[in-house]
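Novice: would you be able to build a 3D model of this:
(chains A and B, ligands or ions: 2)
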Amino acid sequence: MVTIYERKPGLSRRELLKRGGASALLVISGSAVISPQHAWGLETSALKPETMATLIQMARDIYPHDQVPDKYYAIAVKAHDELAGKDPAHKDLIENGIADLDTKAGSGGYRGLGWEEQRVALLKDIETSPFFQAVRGGLVVSLYNQKEVWPIFGYEGESYSKGGYIKRGFDDIEWL
Amino acid sequence: MAAPFDLNNDGVVVIIGSGAGGGTLGNELAQKGVDVVILEAGARHEYDDFVNDEWDSFTQLAWKDKRTTSGDWRVARDFPNLPAWIVKSVGGSTTHWAGASLRFQEHEFKAHSTYGKVDGASLLDWPITLAEMEPYYAKAEAKMGVTGTNDWPRLPGNNNFKVLKAGADKLGYKECHTGNMAINSVDRDDRMSCQQTGFCFQGCKWGAKWSTLYTEIPKGEATGHLEVRPNAMAVKINHDASGKVTGVVYADKDGKLQEQKARIVAVAGNSIESPRLLLNSESAKFPNGLANSSGQVGKNYMRHTTGSVYAIFDKPVHMYRGTTMAGIIRDEARHDPSRGFVGGYEMETLALGLPFMAAFLNPGGWGRSFTTALDHYDHMAGLWIVGEDMPRAENRITLHADEKDEHGMPIADVHFDDHANDTAMRDHAYKQGQALYAAVGATRTFPTPPYPSTHNLGTNRMSEKAEDGVVNKHGQAHDIKNLFVSDGSQFTTGGAENPTLTIVSLAIRQADYIANQMSEKSI
Ligand SMILES: Cc1cc2nc3c(=O)[nH]c(=O)nc-3n(C[C@H](O)[C@H](O)[C@H](O)COP(=O)(O)OP(=O)(O)OC[C@H]3O[C@@H](n4cnc5c(N)ncnc54)[C@H](O)[C@@H]3O)c2cc1C
Ligand code: SF4
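Specialist: Ligands and ions are numbered 1, 2, ... in the order given. Have a look, this model is predicted:
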């Protein structure tokens, strides 16, 4: 099972340095991926936590929204860990896919590439692979179907309980 | 009270499907005192149960049984197992539909004689004319509460409409308004008026939008002559030695096969399932399937030439607020071959919520070009193109060679190739739509590909001559006189208009015919 849990902000600075540098966005600790700045962590059970961290970065590179925090990308890809736990073939698909990306990226791995363009170039090369398709196909639902991200895009969601928009701006456009 | 009929009652009319065609026919017959059993594959969800959430609603209502696709249409690549976005639930696709209710134009009933021979198209004239349909259109509009008819006011325009209207004015379009919608603009028929919730595609929780689920069906049930049997999936229509149909075999809620005897059978499962059922009902006497001596069952599948145009502005729009499709421009619906294609198209407002926009804006798309569009979701406006597509014999529903569903019935394959006329029309419409939004200051526009088909037509088409089609002008099979087709699969050609008003009008007309034939004892 994957659990996403809120944690106290920040590993200590010393701990961070020990684990791979203060510049890293996501930190691996035991079986978890941790975001020190944003106070959440994601525990993996089937996939390696490093794999999960790369998957989160890959998800952001596929659907980059600078105003959407990592946490929602993490939630969006965590189903791969659950599925990998049940289906060894899926586990191989994801682990091998990420390993392949890391190899292509060179010594620092996929997450070590500093520019989005560099990472996207690698993704372009594998765009038609079953691995990429599996990640992208699920993500288009699991990312955008989170109610928590809707307000970031200005989508208001359910409206029946509020009486619809008849008195809440269905025709409030002013600039025409 | 809903009347439960015995399985062995061979005096009933059995209708397959409870949507626009089947639900309407069932009520119309029940009102005349004819006993009817509607077999409906889906469950019954009343309008309180609907959810204002795109994927949850899709899960609740849509037809998700596997289908396969082939052909050059993009849907086959992006949604290979979801060729159509239609419903499996009591009320059929009238739960999901947006309510746009337009009459066909006169020439659209005479597509072949008006457009002439079009290479690669199997055009035909309808065996009925607009003049013959007019009284039934009037009855359907009155039944459905269509705005802009019968002194019912049109709906107020929402933000998305206002952008459309401003663009239409700039381009010099003359006929632009909030449409003819089967949505109450005033309280009527014991249902309230539209509250502008913006979830028309998810089932109207207010009941403001017409759906057979809470109009035709309960009215029919109240007569004591109509029973709707949910979770009943028809798999085969039986016949006797003389070739008359005698009953329908269906899988009940537990998957057990039952047979409901029948005096008359009417097929209204929408244009993929109706031909699938007829083809699957093959027998020694009818080796190519029922009503298929012409070989036309399943052919001439049409889905309208569609597409969308979305546009981003530098100021907010909030297109998703209010009635989803209350806005139309009709100027391009005319037949004017100087544009480079025959037939015409409508432009109608359309909004998707964020989850569906992500799935449908550019299926398969990713990266910043895609995501920066969604970043401005609340600054977007959108319209949908719906135009006449060309019938083609090769565009067809067939039974899959090896894959079967849980009841052992071969699944449907949907083959579709765009005709050059469809492509020319779509390109024209994209250009007009993009120009329209540019004229109001759009900073970026998106010619968005067709979604899985919501309008599915033509696969059991009506024809004057038995060799050209499956049913006659009353929707009665040319081959079998107690077998009818009562849904959009009867359409000879598609017209530019959203089809449901015509489906409902044909069902009302068919009910008159069936009741007459029954009282004359000719069926
Ligand atoms: C999102 C959306 C928006 C739309 N908007 C509009 C619009 O604005 N205007 C318009 O004119 N049209 C619109 N449509 C199209 C409209 O819904 C259809 O044209 C219309 O409902 C078709 O009627 P029908 O009777 O052919 O089939 P349906 O209404 O689809 O009903 C068919 C029923 O038959 C059942 N069935 C199928 N096979 C079997 C079987 N073997 N046994 C038992 N039951 C079976 C199905 O479960 C279904 O309930 C829209 C559709 C969608 C999905
Ligand atoms: S906008 Fe109107 S018709 Fe559409 S769902 Fe809301 S109340 Fe119903």
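
Novice: give the next helix or strand downstream of the helix or strand encompassing B:Lys431.
Specialist: Using DSSP states H and E, the element containing B:Lys431 is helix B:420-439. Along the chain past helix B:420-439, the next helix or strand (assigned with DSSP H and E) turns out to be strand B:444-448.

Novice: follow-up on the earlier one: so is the helix holding B:Lys431 next to chain A?
Specialist: No. Shown here: helix B:420-439 not in contact with chain A (Cβ under 8 Å from any Cβ of the partner chain), separated by at least 11.5 Å. All C-beta atoms are positioned from the backbone trio N, CA, C, and that covers glycine.

Novice: quick check: angle from that helix to strand B:444-448?
Specialist: Between helix B:420-439 and strand B:444-448, the angle formed by their directions is 160 degrees, by axes from the mean of the first three to the mean of the last three Cα atoms, to 10 degrees.

Novice: and helix B:420-439, which residues are buried?
Specialist: Neighbour-count burial for helix B:420-439, with 16 or more other Cβ atoms under 10 Å in any protein chain shown as criterion, is recorded at B:421-422, B:424-426, B:428-430, B:432-434, B:436-438.

Novice: packing partners of the host helix or strand of A:Lys124?
Specialist: A:Lys124 is located in helix A:116-125, with elements delineated by DSSP H and E. If you count contacts as 3 or more Cβ pairs under 8 Å, 6 or more residues apart in numbering or on different chains; DSSP states H and E, helix A:116-125 packs onto helix A:49-62, helix A:88-105.

Novice: tilt between the shortest one and helix A:88-105?
Specialist: What it means is helix A:49-62. Computed by the same axes, to 10 degrees, the angle separating helix A:49-62 from helix A:88-105 equals 70 degrees.

Novice: just to revisit the earlier point, just send the helices and strands packed on helix A:116-125 back as a markdown table, with distance to B:Leu399, mean neighbour count and mean pLDDT too.
Specialist: Formatted as a markdown table, these follow (distance: least, Cβ to Cβ, whole Å; neighbours: other Cβ atoms under 10 Å in any protein chain shown; pLDDT from 0 to 100):
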| stretch | distance to B:Leu399 | mean neighbour count | mean pLDDT |
| --- | --- | --- | --- |
| helix A:49-62 | 38 | 24 | 97 |
| helix A:88-105 | 31 | 17 | 98 |
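
Novice: nearest to A:Leu26, out of those helices?
Specialist: A:Leu26 sits nearest to helix A:49-62 of all the helices and strands packed on helix A:116-125, at 4.6 Å, using Cβ to Cβ.

Novice: now check that closest one, is it near chain B?
Specialist: Yes. Part of helix A:49-62 sits close enough to chain B to count as contact by Cβ under 8 Å from any Cβ, namely A:Ile62.

Novice: what residue in the stretch 51-200 of chain B comes nearest to ligand 1?
Specialist: Here the residue of the stretch 51-200 of chain B nearest ligand 1 is B:Gly92; by Cβ to the nearest ligand atom that distance is 2.4 Å.

Novice: now the residue nearest to that residue when sequence neighbours are not counted: phi and psi?
Specialist: Nearest non-adjacent residue to B:Gly92, counting by Cβ to Cβ, 6 or more residues apart in numbering or on different chains: B:Gly19, 2.0 Å away. Dihedral pair for B:Gly19: phi -80, psi -150, per degrees, to the nearest 10.

Novice: one more: the one 4 residues further on?
Specialist: When read as degrees, to the nearest 10, the backbone of B:Gly23 gives phi -60, psi -40.

Novice: can you list the low-confidence ranges for chain A?
Specialist: For chain A, applying pLDDT under 70 flags the ranges A:1-24.

Novice: hmm, 90 instead?
Specialist: Counting by pLDDT under 90, the ranges of chain A that qualify are A:1-42.

Novice: okay, stretch B:282-297 in CSV with CA atoms only?
Specialist: Once side chains and other backbone atoms are set aside, the C-alpha atoms of stretch B:282-297 remain, and they are given as CSV (Å, rounded to 0.1, in the frame of the first residue of the first chain):
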residue,chain,number,x,y,z
GLU,B,282,-29.3,-14.9,-37.5
SER,B,283,-31.1,-18.3,-38.1
ALA,B,284,-31.4,-21.0,-40.7
LYS,B,285,-34.1,-18.9,-42.3
PHE,B,286,-32.3,-15.6,-42.0
PRO,B,287,-28.6,-16.6,-42.3
ASN,B,288,-27.4,-12.9,-42.6
GLY,B,289,-29.4,-11.7,-39.6
LEU,B,290,-32.9,-10.5,-39.2
ALA,B,291,-34.4,-7.9,-41.7
ASN,B,292,-31.2,-8.1,-43.7
SER,B,293,-32.2,-9.4,-47.1
SER,B,294,-30.8,-6.2,-48.5
GLY,B,295,-27.5,-6.7,-46.8
GLN,B,296,-27.8,-3.1,-45.4
VAL,B,297,-28.0,-3.9,-41.7
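
Novice: what residues sit buried inside that stretch?
Specialist: When burial is assessed from 16+ other Cβ under 10 Å, stretch B:282-297 yields the following buried residues: B:Phe286, B:Gly289, B:Leu290, B:Ala291, B:Asn292, B:Ser293, B:Ser294, B:Gln296, B:Val297.

Novice: so the residue in chain B that chain A sits nearest to, which of the three states?
Specialist: Residue of chain B nearest chain A, by Cβ to the nearest Cβ: B:Asp378 (2.9 Å). Assigned state for B:Asp378: helix (three-state reduction, DSSP: H, G, I helix; E, B strand; the rest coil).

Novice: ok, and the closest non-adjacent residue to residue 130?
Specialist: Answering for chain A, as no chain was given. Beyond its immediate neighbours in the sequence, the residue positioned closest to A:Pro130 (Cβ to Cβ, 6+ apart) is A:Leu93, lying 6.7 Å away.

Novice: try chain B instead
Specialist: By the measure of Cβ to Cβ, 6+ apart, the closest residue to B:Leu130 outside its immediate chain neighbours is B:Glu106, 4.3 Å from it.
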